[in-house]
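Colleague: mind folding the following:
(one chain, ligands or ions: 1)
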Amino acid sequence: MKHIVLIGFMGAGKSTVGRALAAELGRELLDTDQMIEEKAGCRITEIFARQGEPAFRRLEEEILKQLAEEKAPAVISTGGGMPVFEKNRPALRRLGTVVYLQVKPETVLKRLKGDTTRPLLQGGGAESRVRELLAEREPAYRDTAHEVVPVDGMSADEVVRRIKELN
Ligand code: S3P
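Modeller: Here you go, the predicted structure:
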């Protein structure tokens, strides 16, 4: 049973594309951020604020273990930091086809303007943080992915079509 696993930076469209792809394929969408919020009983911003990022990363690992037990092929959309941790990469790849939604910093900044739900991008200097973090993470995303889909300038439906062509 092979899942389709979407990875990539914040604002790449993993959740939006994931929803559309799951509907198109008649599969369930499993969104790791949402699973974490359900497990913790609070929002991600609150987990970061009250317990710190390491606690959030531990929850991500737990969710990854939980996903390995999912039998029915689903579409899985992941939090942008999951592949950054080397130990998560083989676990992500074992889940199925890993598709990296590759996005340019300009697109991220446009899409996430005014966003308050991403703790890593709050406060001043968001623009340089996006550029730095994206450049730093690119090798991890590439290392984890079976397929790379550049998404700048594409609608969610177009991205879904591209992913369907891969399979
Ligand atoms: C994070 C991305 C977020 C969320 C958390 C940390 C990251 O998910 O998991 O805020 O480290 O890139 P999205 O990629 O869905 O925004």
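Colleague: what are the ranges of the strands in this structure?
Modeller: With DSSP state E as the criterion, the chain has strands at 3-7, 29-31, 75-77, 96-102, 147-150.
Colleague: of these, which is nearest the ligand?
Modeller: Minimum separation from the ligand across those (Cβ to the nearest ligand atom) falls at strand 75-77, 7.1 Å. Every C-beta, even on glycine, is put in place using the N, C-alpha and C of the backbone.
Colleague: please see if the closest one touches the ligand.
Modeller: No - applying Cβ under 6 Å from any ligand atom, one finds that strand 75-77 is not in contact with the ligand, the shortest distance being 7.1 Å.
Colleague: now do that strand, average pLDDT.
Modeller: Averaging the model's pLDDT scores along strand 75-77 yields 98.
Colleague: closest one to residue 127 among the strands of the chain?
Modeller: strand 96-102 (19.0 Å; Cβ to Cβ).
Colleague: can you tell if the longest helix seen in the chain touches the ligand?
Modeller: In the chain, assigned by DSSP state H, the helix with the most residues is helix 126-144. No - taking Cβ under 6 Å from any ligand atom as the criterion, helix 126-144 and the ligand are apart, separated by no less than 7.4 Å.
Colleague: could I get the phi/psi values of the residue located most distally from the centre of the chain?
Modeller: Among the residues of the chain, the one whose C-alpha is farthest from the average of all C-alpha positions is residue 124, by Cα atoms, centre = their mean at 23.4 Å. According to degrees, to the nearest 10, the main-chain angles of residue 124 amount to phi -70, psi 170.
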